[in-house]
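[1] Based on what follows, work out the 3D shape:
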Amino acid sequence: MTLQVCAKGIADFRLLFESVPGLFLVLLPDFTITAVSDAYLQATLTRREHIIGRHLFDVFPDNPDDPNADGVANLRRSLDLVLATKMPDAMAMQKYDVPRPDGSGFEERYWSPSNFPVMDEARNILYIMHRVEDITSYVLLKKNRDELGRLHEELQKSIGADELELSESTEDVAAGNQHLHALNRALKLEILARGKLEETNRELTRQLKNNIEKLEASNKELESFSYSVSHDLRAPLRAIDGFARMLEEDIAEQLDEEGRRKLEIIRNNTRNMGRLIDELLEFSRLGRKELNYGHLDMAALAQAAFNDATSAATNTTTLSMDELPVARGDLTLIRQVWFNLLSNACKFSAKREQAHITIKGAVDGGMLTYTVSDNGAGFDMRYYNKLFGVFQRLHRVSEFEGTGVGLAIVHRIVTRHGGRVWAEGAVGEGAAFHFTLPVVLRKDGGEGGNEQL
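    Numbering: from 1, shown residues only. Next up, the predicted model:
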């Protein structure tokens, strides 16, 4: 019975995947096609039974009639990069024609592809997900508009030359008529192209309006949830903690050691639940808080956060800090980023006799990069995908206290500022956390953060 349920679940999952509206192809590491969505089949003029189990480039070779065809080479390069780095890769726009089902040649196609790995817990690549957007209509429409523009310029030049050398000869009149007919055709084509563009714009506007309405509805649901958490859950927690405290004060002497221990467990857990609620509310508010950009002295913020993080520490923690580039951003939120990262570094280094934290900064192209590293407990890179998730923990609470929200808050703040955050670590050897903020040139020629001035 269990096997039947499992098999049904797999079948249902495959049906769901094949029915998604996106254009998806699932590949094995040797580029054998193992699954495909219905939308992909329709866009590439193929059938599932004709491509499953076959090599990708056997099914989709380059167009032999196009001497400049490089779709196979570019796609192979991207897939090899995914296998080598185990990271997603987004490709530039590709011209990659597809064979007609009747074998009569190839259909011209333009795509916007991306490839990303699917890995097991040991970070071994099991599959490569190949996703594309069919942008053929857009590219061909743009080509038509460019050609119309070129033809229009040629006609204007030709008509201008005729005006300078106006002749009453029959041949000149006939040539003028030809130019007028050509111009008329060009104008009709331009009107048609503009009509298609306007229709596309109307559809995009409609989709954007729908997405905005969905987003507003989601925000309202989130605000309602936050209110419920804030008021409906806090009241019973306060009651539990209050009654436990009264029992502890009134009948503590009548309880044995085990009874007092259980009361302490109740109070500790209610306080921990209260902290979880507070941090969940703070995390949800980050998505709605307006960013107030200003000048940020990152060295001063980092030093202040380190002082706060080590104020209650029982061990000695030393700090090495390089010169940090200044930035622009929301002072309150970036201060929270520094505090969360340095609190984490102090917490996971607490069991070291001599804990040491290093802070570095650099300017790399258009980004400011900041790094906080420690010599603490570190983490297993196999579970890296859980690191910045809400309530995700890589260590037991009995080893290191915490709620599992701090790094999720860091990720959301940095992402809202237009940066990114990542980490490296090894068990027992410490960890390094990096985050970036964009560099934007100010009007006075200096460098700032990410405020558009």
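
[2] Tell me the spacing between the residue nearest to N344 when sequence neighbours are not counted and K347.
    Nearest residue to N344, sequence neighbours excluded (C-beta to C-beta, 6 or more residues apart in numbering): G406, at 6.2 Å. In this view, the C-beta of every residue, glycine as well, is placed from N, C-alpha and C. Distance, G406 to K347, by C-beta to C-beta, to the nearest Å: 9 Å.

[3] swap in G195?
    Distance from G195 to K347, by C-beta to C-beta: 63 Å.

[4] Next: R238.
    27 Å.

[5] again with E353
    16 Å.

[6] which of the two has more neighbours?
    Relative neighbour count places K347 above the other of E353 and K347, with 20 against 6, counting by other C-beta atoms under 10 Å.

[7] which stretch of helix or strand covers that one?
    helix 331-348 (DSSP states H and E).

[8] At which residues are the strands of the stretch 201-350 of the chain located?
    Using DSSP state E, counting those that start in this stretch, the strands found in the stretch 201-350 of the chain span residues 293-296, 316-321, 327-330.

[9] Burial-wise, tell me which of these comes out on top.
    Among the strands of the stretch 201-350 of the chain, strand 327-330 has the highest mean neighbour count (mean count of other C-beta atoms under 10 Å), at a mean of 26.

[10] quick one: contacts for S114?
    P88, D89, A90, M91, H130, R131, V132 (C-beta atoms under 8 Å, 6 or more residues apart in numbering).

[11] which residue sits closest to the third one, ignoring its sequence neighbours?
    For A90, the nearest residue in space outside its immediate sequence neighbours is S114; the separation is 4.4 Å by C-beta to C-beta, 6+ apart.

[12] what helix or strand does the one you found sit in?
    Using DSSP H and E, S114 falls in strand 110-119.

[13] ChimeraX command for the buried members of the contacts of S114?
    In ChimeraX syntax, the buried subset of those is picked out as below (16 or more other C-beta atoms under 10 Å):
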select :89,91,130,131,132
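
[14] quick revisit: could I get the buried residue list for the helix holding K347?
    Quick answer for helix 331-348 (16+ other C-beta under 10 Å): 333-348.

[15] and the angle for it with strand 316-321?
    130 degrees (axes from the mean of the first three to the mean of the last three C-alpha atoms, to 10 degrees).

[16] which other helices and strands contact helix 331-348?
    strand 293-296, helix 298-310, strand 354-364, strand 367-374, helix 406-416, strand 430-438 (3 or more C-beta pairs under 8 Å, 6 or more residues apart in numbering; DSSP states H and E).

[17] Between strand 367-374 and that helix, find me the angle.
    30 degrees.

[18] Near T371, how many other residues are there?
    Neighbours of T371 (other C-beta under 10 Å): 18.

[19] just checking, M367 touches F435?
    No. Using C-beta atoms under 8 Å, M367 makes no contact with F435, being 10.0 Å away.

[20] Not including adjacent chain positions, what is the nearest residue to T44?
    The nearest residue in space to T44 (C-beta to C-beta, 6+ apart) is V98, at 4.9 Å.

[21] where's the one you found relative to V132, distance?
    Distance check for V98 against V132: by C-beta to C-beta, it reads 11 Å.

[22] again with E108
    For E108, the distance to V132 - C-beta to C-beta - is 15 Å.

[23] same thing with A302?
    Counting by C-beta to C-beta, the gap from A302 to V132 is 43 Å.

[24] list the contacts for G22?
    S37, A39, R131.

[25] Ramachandran angles for it?
    phi -80, psi 160 (degrees, to the nearest 10).

[26] And the helices in the chain?
    2-19, 38-44, 48-51, 56-59, 71-85, 136-164, 170-228, 234-251, 257-286, 298-310, 331-348, 406-416 (DSSP state H).

[27] ok so, going back, hey, least reliable of the helices and strands packed on helix 331-348 by pLDDT?
    Across the helices and strands packed on helix 331-348, helix 406-416 has the smallest mean pLDDT, namely a mean of 85.

[28] how about the nearest residue to Y384, chain neighbours excluded?
    A423 (7.3 Å).

[29] And the closest residue to R47 other than its chain neighbours, how close does it get to F379?
    The shortest distance from R47 to any non-neighbouring residue, by C-beta to C-beta, 6+ apart, is to L41 (6.4 Å). L41 is 42 Å from F379, where distance means C-beta to C-beta.

[30] So which of these two has more stuff around it?
    Of the pair L41 and F379, F379 is the one with more neighbours under other C-beta under 10 Å, namely 22 against 17.

[31] any idea of the pLDDT on the more buried one?
    83.

[32] Please tabulate the contacts of G22 in JSON lines, including the columns pLDDT.
    Formatted as JSON lines, these follow (pLDDT from 0 to 100):
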{"residue": "S37", "pLDDT": "91"}
{"residue": "A39", "pLDDT": "89"}
{"residue": "R131", "pLDDT": "91"}
